[in-house]
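Predicted model and sequence follow; I will ask about them next.
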Amino acid sequence: MGESGARVMLAAATALFVASVAARASHRANDRVATSAPTTDNIIPAGADRILSAYATFPNPTGTLAVFNADGPVATRGHPFFEPLGRNGRACVTCHQPADAMSLSVRSIRARWAAAGPKDSLFAAVDGANCPNLPVGQRSSHSLLLDKGLFRIPLPWPPRDPAGRAISPEFDITVVSDPTGCNTDRVYGLKSSNPHISVFRRPRMAANMKYVEPERPLSLWHIRTGEVRPLDPATGHRLGGNVMSDGRAPTLIAQMVDASRTHMAMKGGLSPAQQTQVRKFLFQVYAAQVTDRAGGRLDTGGAYLGPRALRDGKPAVVGAYSARPMFPEIEGWVTQRIASSIKWIPLVKLPPFPATRAGEASEAPAQRAFRDSVARGYLSFMYRQFLIRNVADLNAFIGNPVKQTCAACHNMVQTGMDVAPGYLDLGTTTYPTATPAPDLPLFRIDCHKDTPPHPYLGREIYTTDPGRALITGRCADVGKVVIQQMRGLAARAPYFAGGSAQDLRAVVNFYDTRFRIGYTQDEITDLVNFMGAL
Amino acid sequence: MVARKWMATLGVVISTPALAQSLAAPSPGRPVSFVACPEFRNTARQCWLAESGGKTYYIGAFRIGTPPQLLHKVLVEGVAHDDQSSCGGINIDPVQISPLPELDFSCDAVLPDNGTAPREGSLFDLPPEVLARNGGDVPTPPPLTKNMAFAVTLDFDRTVLNLVNQAKVELIARTIMASPVARVIVTGHAGQSRLDDGSVMREAPEVAARRMAVVRDALIAIGVPEKIVDGRIADSLPEGSSVLGPESREVTIDVVLARP
């Protein structure tokens, strides 16, 4: 075993221990969420004949999510987002459910399995099974979808450029472990006649799209990689690059065409008219949490959280601490009493806050505690400094390490996406920092000697998902994914592209361990409440 | 001449030696060039230090662009001022930092705040011009009236355009697009640097082609017509060449006007 292999094993053992500690510690937060049993009541099946109202609310474990159609109610019958247009009975809505913040939670996936089993097209073998060759109808064939909300994404190897030509990759890839059997399969695997690599990823949120694909991104450049952002041939605008985790489809239109051909098995994909209709729908639908079971409405007491504020916001605006707050909807809950109570060191001097918030005197104790907690979590997100290390490409751009806050990466106002945009290797899928995942394939990446290595992992890398590198073929891109938006989180667990965080507490625990931040349990709870309120 | 002055103001390097010399302000101090592990001092301003020849040098604070990297040695090139210090190290100003690509696990020093640096403030914020722009357009530069040569200097053994070089390349591209240009010749160079101990570090030869491609592709992506852009790779510098330091690792952009 080489030095890298030993590091991986040591890290895996350490991470298992940390995970077991974290699981025990997470009981406090989970006390609040383990309530109603999941049902399929709010699931919209493909081909349903319904009206999605202009302002629809859906319960989730910590409160209520609202889906706001800014252009008014939407009839699902005949609408290409809701109609099964391919050969497997799926529609876009199959994996982008309004009740799940236009994504998909494991909670609702399990409810659908309990209700219909493999007859629900969600479990189509093409990507709703761990591998298409597995026995239909057995839970074990769909374990990654049922356990982590992961869909199989087969990507060609070697990668292809936009014109379909093979790219000469800078690295060799070896399948070290293949629990699904798909990467070593004769038909679907890396050594098949049509070589593919199967990785497993969560579906992204298909709402608040004006932030995901803004007409005018911040700059001409991918400022961290030094490349010029490509032009969208349809609009002539520079592309923001935040649509997909690996950037393989640069625009929403390209994504939906690709998805209709692959996930929906639609020959030829969506027609131009259908593309236009789906895009129009997605650019007017907003989703965000609107109530909390303990804290009540999230748009009162000086705060104005919820999807309407997203409709009214300006996209691609980079946050700049007190000069430009990251989530202005929450600022009204922050008081001087709360700001004075923090025990950590802020990166910059906190601005003055009012002595009280609107209606504070009449708040019930639970509501007051919740609002205080969200406000503290928000301040921590914005201002609590810690050393960020070994994150490609962030640290190459601003120093390794760099003393920063959560908002260094989650820097787009109102969404927490990365304006830059964010091809980052945070270590969620690369070892030694990734949470051990024996149910996922493990790949070894060997970078060629004459190419630039990964800046912090070198030339021999172990990963469950090489991320952007499967598109570019670059060694330095191994593990990089684009940061997704932070809205509607309470409705769509689990988290991270590989579903490695079962709940928001696991998200915070990952960063706490990754960057040795030293959060207290109360601080973690505050951050969980803050994120859950978005 | 007006165009030259305007571009020089915005930091565009003009590769005519005489003109570059005339623009350079005299600077006291002694030139230094060494490779060392960077050390991060955990102060409010996030000091970077490096040791060479028994001396500790201050090589900068928080910066956007090409900052030092733990887990990587850095090539430090600049002018040391022994009578000036910051954060417990001798100032190097100007200073050019090139993190070397390969990992070096011995470079992992995080030093505590020892009170040698200012405690006030933090340096993180996007530059005001970036914040103010926020998606806006850059003003169109004046057209060239005669053939012009530009140069973009890159970090040792690297091909990434940092923030400073992005601004340079964008300005060059927009200048070309505003001018009656017949041909643009982009030439990548692989260079070398002489260290204080007398040894010479040479860049990998393949870096020249990558640099050329990076700048050529950027010019075209910004809007320079592909048909007028010609990419070339400079011959490797011969052993003993006197061309040393940052200027040896340039991408040069020669602009030939249609109506000189």
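Noted; the coordinates are in hand.

Identify the residues contacting stretch A:449-462?
A:2, A:4-5, A:8, A:170-171, A:176, A:390-393, A:395-396, A:400, A:425, A:430-431, A:442-447, A:474-476, A:478-479, B:69, B:71-72, B:101-103, B:158-159, B:204, B:206 (Cβ atoms under 8 Å, 6 or more residues apart in numbering or on different chains). C-beta: built from backbone N, CA, C; applies to glycine.

neighbours around residue 48, how many?
In the absence of a named chain, chain A is used. Counted by other Cβ atoms under 10 Å in any protein chain shown, the residues lying close to residue A:48 total 14.

actually chain B
Residue B:48, neighbours per other Cβ under 10 Å, totals 27.

do whatever helix or strand it lives in and chain A meet at all?
Using DSSP states H and E, residue B:48 maps to strand B:47-52. Yes: Strand B:47-52 lies within reach of chain A by Cβ under 8 Å from any Cβ of the partner chain, at residue B:48.

Buried residues of that strand, list them for me.
Neighbour-count burial for strand B:47-52 flags B:47, B:48, B:49, B:50, B:52 (criterion: 16 or more other Cβ atoms under 10 Å in any protein chain shown).

In terms of helix, strand or coil, where does the closest residue to the last one other than its chain neighbours fall?
Nearest non-adjacent residue to residue B:52, counting by Cβ to Cβ, 6 or more residues apart in numbering or on different chains: residue B:34, 4.0 Å away. For residue B:34, the secondary-structure state derived from DSSP: H, G, I helix; E, B strand; the rest coil is strand.

Next: residue A:287.
Here residue A:287 is strand, with the state taken from three-state DSSP.

is it in a bridge, and if so with what?
Note on residue A:287: beta-bridge partners by DSSP bridges are residue A:67.

Report the separation between it and residue A:480.
From residue A:287 over to residue A:480 the distance is 26 Å, taken as Cβ to Cβ, to the nearest Å.

Tell me if I'm right that residue B:165 and residue A:226 touch.
Yes: contact criterion Cβ atoms under 8 Å: residue B:165 and residue A:226 qualify, at 7.1 Å.

out of the contacts of stretch A:449-462, which are buried?
Buried among these by 16+ other Cβ under 10 Å: A:4, A:8, A:170-171, A:390-393, A:395-396, A:400, A:425, A:430-431, A:442-445, A:447, A:474-476, A:478-479, B:69, B:71-72, B:101, B:103, B:158-159.

Restricted to strands, list those.
Among those, the ones falling in strands (DSSP state E) are A:171, A:442, A:443, A:444, A:445, A:447.

ok, the first one touching residue A:478?
What that stands for is residue A:171. Yes: using Cβ under 8 Å, residue A:171 is in contact with residue A:478, at 7.4 Å.

what ranges do the helices span in chain B?
Under the criterion DSSP state H, chain B contains helices at B:2-9, B:17-23, B:128-133, B:163-177, B:206-222.

rank these by pLDDT, which is bottom?
Lowest mean pLDDT within the helices of chain B: helix B:2-9, at a mean of 33.

shared neighbours of residue A:171 and residue A:478, which are they?
When contacts are counted by Cβ under 8 Å, 6+ apart, residue A:171 and residue A:478 have A:445, A:469 as shared neighbours.

pLDDT below threshold where in the chain?
All of this is about chain A. Applying pLDDT under 70 to chain A flags residues A:1-37, A:218.

not what I meant, chain B
Ranges of chain B meeting pLDDT under 70: B:1-27, B:117-138, B:260.

the inter-axis angle of the longest strand that it contains versus strand B:47-52?
Secondary structure of chain B per DSSP E: the longest strand is strand B:74-86. For strand B:74-86 against strand B:47-52, the angle by axes from the mean of the first three to the mean of the last three Cα atoms, to 10 degrees is 110 degrees.

returning to that earlier point: show me which of the ones in strands among the buried ones among the contacts of stretch A:449-462 is closest to chain B.
Nearest to chain B among those: residue A:447, at 10.9 Å, using Cβ to the nearest Cβ.

domain ranges for chain B?
Using automatic domain parsing, the domain parsing of chain B gives B:2-22+B:129-257, B:37-111.

Just name the most buried of those domains.
Ranked by mean neighbour count, the domains of chain B are led by domain B:37-111 with a mean of 19 (mean count of other Cβ atoms under 10 Å in any protein chain shown).

With residue A:453 as the reference, measure out to residue A:464.
20 Å.

So for the two, which sits in the more crowded spot?
Ranked by neighbour count (other Cβ under 10 Å), residue A:464 and residue A:453 place residue A:464 first, with 25 against 21.

The more buried one reaches residue A:498, doesn't it?
Yes: at 6.1 Å, residue A:464 and residue A:498 qualify as touching, with contact defined as Cβ under 8 Å.

Give me the common contacts of the two.
Common contact partners of residue A:464 and residue A:498 (Cβ under 8 Å, 6+ apart): A:429, A:437, A:440.

Tell me the one among those residues nearest to chain B.
Chain B lies nearest to residue A:429 out of those, by Cβ to the nearest Cβ, at 19.3 Å.

In contact with that closest one: list those residues for me.
Taking Cβ under 8 Å, 6+ apart, one finds A:463, A:464, A:465, A:466, A:467, A:479, A:481, A:497, A:498, A:500 in contact with residue A:429.

and the two most separated of those?
The span of the contacts of residue A:429, defined through Cβ to Cβ, is set by A:466 and A:500 at 15.3 Å.

Compare those two (neighbour count), which wins?
residue A:466 (27 against 24).

list the contacts for the residue nearest to residue A:428 when sequence neighbours are not counted?
Spatially, and ignoring its direct neighbours in sequence, residue A:428 is nearest to residue A:496 (4.7 Å; Cβ to Cβ, 6+ apart). For residue A:496, the contacting residues are A:202, A:428, A:507, A:510, by Cβ under 8 Å, 6+ apart.
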